[in-house]
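Novice: Next comes the sequence, and after it the predicted model I'd like to discuss.
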Amino acid sequence: MKKKGAIYSVIALMLCVAVYLNWSYNRGDDDFSAASNTDDSKILGQAQLVDGVAQTDEQGKTEDAQESSGFNDGSSEDSYFAEARLSRQKARDEAVSILNVTVENESADEDAKAAATESIQVMAQSAMKESRIENLVIAKGYDECVVFINDNGVNVIVQKPENGLQQEDIARIRDIVISETGVSAEQIKIIETE
């Protein structure tokens, strides 16, 4: 009886974590979509700033937005990492919803329900580990990072530093991954973006 109660508590906790992660990622999307709403009543020759590339004034003159702002924020690389995190979360949310159908199905046998519950727990733990690793790598001075934990190991994608990843960078990142996941060094793949 206590075992069932503990399992239900863990399921409820994992579901809350999944809902919170989904909410936090979607909240960022809402901020983005609210900022990207445009006024459709523009006159021909006027344009909206799109992807920080160019904007056109009323006379049709085009100006490089990054030059006018005085800086280059690397938004294409940043968008890669944001899209990778969003894609990872969407895939995980879909998997959790499918597994929840099995857990909630009264006609499913107990072994299938237990396996689905265990899979949900593993995904929630992986999500927390991925987030911790990303935060620790960024805290070590790297601009951006996204982590994918799967059955074969851990893939870490890091924004390429100015001089590229050196051996000490690889060792530092590998140590973080090993300490957070317990996987062997052979199971870690570190990739730098171009």
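Specialist: Sure, I can see it.

Novice: what about this structure, any weak spots by pLDDT?
Specialist: In the prediction, the chain carries residues with pLDDT under 70 at positions 1-78.

Novice: need the helices for it, in chain order.
Specialist: The residue ranges that make up the helices of the chain, judged by DSSP state H, are 2-36, 65-69, 75-104, 110-139, 167-181.

Novice: tell me which residues in the fourth one are buried?
Specialist: Spelled out, that is helix 110-139. By neighbour count, and taking 16 or more other CB atoms under 10 Å as the criterion, the buried residues in helix 110-139 are 113, 116-117, 119-121, 123-124, 126-127, 129-130, 133-134, 136-137. Every residue, glycine included, has its C-beta placed from N, CA and C.

Novice: ok, Ile176 - how many residues close by?
Specialist: 22 (other CB atoms under 10 Å).

Novice: Correction: the previous question concerned Gln166.
Specialist: As a burial measure, Gln166 scores 10 neighbours (other CB under 10 Å).

Novice: Please renumber the chain so that the first residue is 44 from this point on.
Specialist: All right, first residue 44 from here; so that's Gln209.

Novice: And it, how far from Glu153?
Specialist: 52 Å (CB to CB, to the nearest Å).

Novice: repeat for Ala214
Specialist: Plainly put, Ala214 is 46 Å away from Glu153 if you go by CB to CB.

Novice: and what of Ile200?
Specialist: The span separating Ile200 from Glu153 equals 39 Å under the rule CB to CB.
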